[in-house]
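*Asks:* this one's sequence-less:
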């Protein structure tokens, strides 16, 4: 079975140079933000590479990463775990192993990572039912991020033009997260990039941008204020993304200062309150297998977050 897992990729381990923004064609004129965001991408790759050798019991190795980076590492491990399960027709139970024990705190990130393989293969994502079926649709977010991260501006535009179905809407939110990386967290660049894409994709793009801003950081108070202004009528979607980031960070038990600052400035609440919104909004939806339940979850969070968003 281990041989089958290794055959899933020609080169099982991903070089850390894959994260280099110059190599990817991303913005390189913002060195501080670039360093932070490239660091997150390297943590993802480290998580993937760790899972290659430790997929049966990955948690001890992943625990050695810096606290604030561990979520990105679990996302990378989620990518490999899904590949392992595909290569072994589910016998490896790698995603299940990753979600057990300490991995349960990173359930959102693991499911996002599980979507990455389908972007690389340009295949539809047959997403297995996890313990909480609602979370399966986070894999589409991961597939959208991966498509834009690996494919750049052309892939981003292609994904946004195809955003005509509920599943595609979920995928485009991941593209929005990727825009934050493509533009090295430059808000003016982010807004310009969004303006070039089909208007129908803008709400989900701003949701992903809000999530990236609050989860990955790489900006300051002035940048966040500009982000709120730039989102315009899509401010509720930006707020929803910030709340989703808070939910993932609070669940992990590690909430960095940039997440607290984003919640305070964009939502007007602390991350624990924003995370509580995501839990409350999921009530009655957690066992649903349909993508419409996922979109309804997001809409409920918008309804909770938008009324208290500061002016």
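*Replies:* Great, that's in hand. Bear in mind that the values here come from a model prediction, so they are computed numbers and not experimental data.
*Asks:* So residue 253 is in contact with residue 102, correct?
*Replies:* No: counting by C-beta atoms under 8 Å, residue 102 is not a contact partner of residue 253; they are 9.8 Å apart. (Each C-beta comes from the backbone N, C-alpha and C, glycine too.)
*Asks:* Which residue of these two possesses the greater neighbour count?
*Replies:* In this view residue 253 and residue 102 are compared by other C-beta atoms under 10 Å, and residue 102 has more residues nearby, 17 against 9.
*Asks:* ok, the more buried one - contacts?
*Replies:* Remark: with contacts taken as C-beta atoms under 8 Å, 6 or more residues apart in numbering, residue 102 is in contact with 59, 62, 63.
*Asks:* Closest one to residue 231 out of the residues you listed, please.
*Replies:* residue 62 (33.7 Å; C-beta to C-beta).
*Asks:* what about that closest one, how many neighbours?
*Replies:* For residue 62, using other C-beta under 10 Å, the count is 23.
*Asks:* on that earlier part again, mind picking the one among the contacts of residue 102 that's closest to residue 141?
*Replies:* Nearest to residue 141 out of the contacts of residue 102 is residue 62 (C-beta to C-beta; 20.8 Å).
*Asks:* what's that closest one in contact with, if anything?
*Replies:* 47, 50, 54, 70, 73, 74, 77, 102.
*Asks:* make it 10 Å
*Replies:* Residue 62 sits next to 43, 46-47, 50-51, 54, 69-70, 73-74, 76-77, 98, 102-103, 106 when contact means C-beta atoms under 10 Å, 6 or more residues apart in numbering.
*Asks:* Of these, which is the most crowded?
*Replies:* residue 77 (35 neighbours).
*Asks:* For that one, which non-adjacent residue is closest in space?
*Replies:* Leaving aside its sequence neighbours, residue 77 sits nearest to residue 51 (C-beta to C-beta, 6 or more residues apart in numbering; 3.9 Å).
*Asks:* Just confirm that neighbour contacts residue 76, I think it does.
*Replies:* Yes: with contact defined as C-beta atoms under 10 Å, residue 51 and residue 76 form a contacting pair (7.1 Å).
*Asks:* list residues touching both of these two?
*Replies:* Jointly contacting residue 51 and residue 76 under the rule C-beta under 10 Å, 6+ apart are 62, 113.
*Asks:* In terms of helices and strands, where is the residue lying closest to residue 156 once chain neighbours are set aside?
*Replies:* For residue 156, ignoring the flanking residues on the chain, the nearest one in space by C-beta to C-beta, 6+ apart is residue 148 at 4.2 Å. Using DSSP states H and E, residue 148 sits within helix 138-161.
*Asks:* Show me which residues of that helix are buried.
*Replies:* 138-149, 151, 155-157, 159-160 (16 or more other C-beta atoms under 10 Å).
*Asks:* Brilliant, that's me finished.
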